[in-house]
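1. give the three-dimensional model of this entry:
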Amino acid sequence: MNIQIWQVKRDVEDDIRRDLMCMDYEWVIQRHENYIKNWKNYYSLIYEMYQDREPDETISEVLKEIFYVFNNNDTPVPSDFKGHSLSMSDIVVIDEVPYYCDTFGWRIIE
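-> Here you go, the predicted structure:
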């Protein structure tokens, strides 16, 4: 499975950055639906990897593991990862399906 981590671009306008960084999905959708519909305009691909997974492993389990690895200070992240720790408003794409890191859990971006 192909896994990508996307984070808000560092060079995006300050007001857009402020409206996206660490905001929950519903807040962004209610105020700036265009940001989510066109998320690739505001996010940069930070990291990409391919992993073989168990056939019975759910997407929820994969996302939970990714969050743990890229958010936990006790777990070393891959040396080529150059982003900040995974947090709310970051996007993880698994096999071309984007998931928004929400307050609790993940939301598929339609």
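2. got the contact list for the residue nearest the centre of the chain?
-> Taking Cα atoms, centre = their mean, the centroid of the chain lies closest to Ile91, which sits 1.9 Å from it. Applying Cβ atoms under 8 Å, 6 or more residues apart in numbering to Ile91 gives the contacts 5-7, 39, 43, 98-101, 109. Just so you know, the C-beta spots here come from the backbone N, C-alpha and C atoms, and that holds for glycine as well.
3. leaving aside the residues next to it on the chain, what's closest to it?
-> Closest residue in space to Ile91, ignoring its immediate chain neighbours: Trp6 at 4.2 Å, by Cβ to Cβ, 6 or more residues apart in numbering.
4. beta partners of that neighbour?
-> Leu45, Ile91 (DSSP bridges).
5. buried set for the host helix or strand of Val69?
-> For Val69, the element it lies in under DSSP states H and E is helix 59-71. Within helix 59-71, the residues scored as buried using 16 or more other Cβ atoms under 10 Å are 59, 62-63, 66-67, 70.
6. neighbouring contacts of that helix?
-> In this structure, residues lying in contact with helix 59-71 by Cβ under 8 Å, 6+ apart are 1, 3, 5, 47, 53, 75, 77, 81, 83, 85-87, 92, 94, 97, 99, 101, 105-106.
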